[in-house]
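here is the input, now give the coordinates:
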Amino acid sequence: MTVALVPGSFDPPTKGHIDVVERCANIFDEVVVGIVRNPSKNPLFSTEERTELLQACLPYDNVSVDSFSGLLVDFTNRRNIDVIVKGLRAITDFEYEIQMAQMNRHLSGIVTLFVATKPEFGYLSSSLVKQVRSLGGDVDALVPAPVKAALDERFPT
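Residues are numbered from 1 along each chain as shown. Down below sits the predicted model:
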């Protein structure tokens, strides 16, 4: 049985995030979506809210959502994760992610696989979604319906 981890902040989850997790759910026996808790950041949604949003958007029996802080490799060891999967939108993502993958491999031996996003999600980021919605823009095509509803509550028009 192969267990994959898809880590990220998911603040908020986008259709690009969901696409990567869905593809992993079709490849791996089990997928853990790992929400990174970073105390130096001030997220729009709490860890609990992001967990609920992801669970609402990922109705797969082999997908679970968990959160962690600290080193990613420590989390992978605790959860018996076999592989890390990261979505890549552009070469700039690769430049950052390859360093992280190599460090994680050095620290624990874990392998990271990269999944190219679908072209229609190549520009999409949580930061852009928050910015567009906070300025009154339409994000219907960018996020799943439960996330859109949560964003509408945060940024009423």
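
where does residue 59 fall, helix, sheet strand or coil?
coil (DSSP: H, G, I helix; E, B strand; the rest coil).

what's the neighbour count on it?
8 (other Cβ atoms under 10 Å). For the C-beta atoms, the positions are set from N, CA and C on the backbone; glycine is no exception.

for it, give its distance to residue 21.
11 Å (Cβ to Cβ, to the nearest Å).

cool, and residue 113?
Here residue 113 is placed at a distance of 13 Å from residue 21 (Cβ to Cβ).

run a quick neighbour tally on the spatially closest residue to residue 136 that is not a sequence neighbour.
Spatial nearest neighbour of residue 136, excluding adjacent residues (Cβ to Cβ, 6 or more residues apart in numbering): residue 157 at 6.0 Å. Neighbourhood size, residue 157 [other Cβ under 10 Å]: 5.

just checking, residue 157 touches residue 137?
No - under the criterion of Cβ atoms under 8 Å, residue 157 is not in contact with residue 137, lying 10.1 Å apart.
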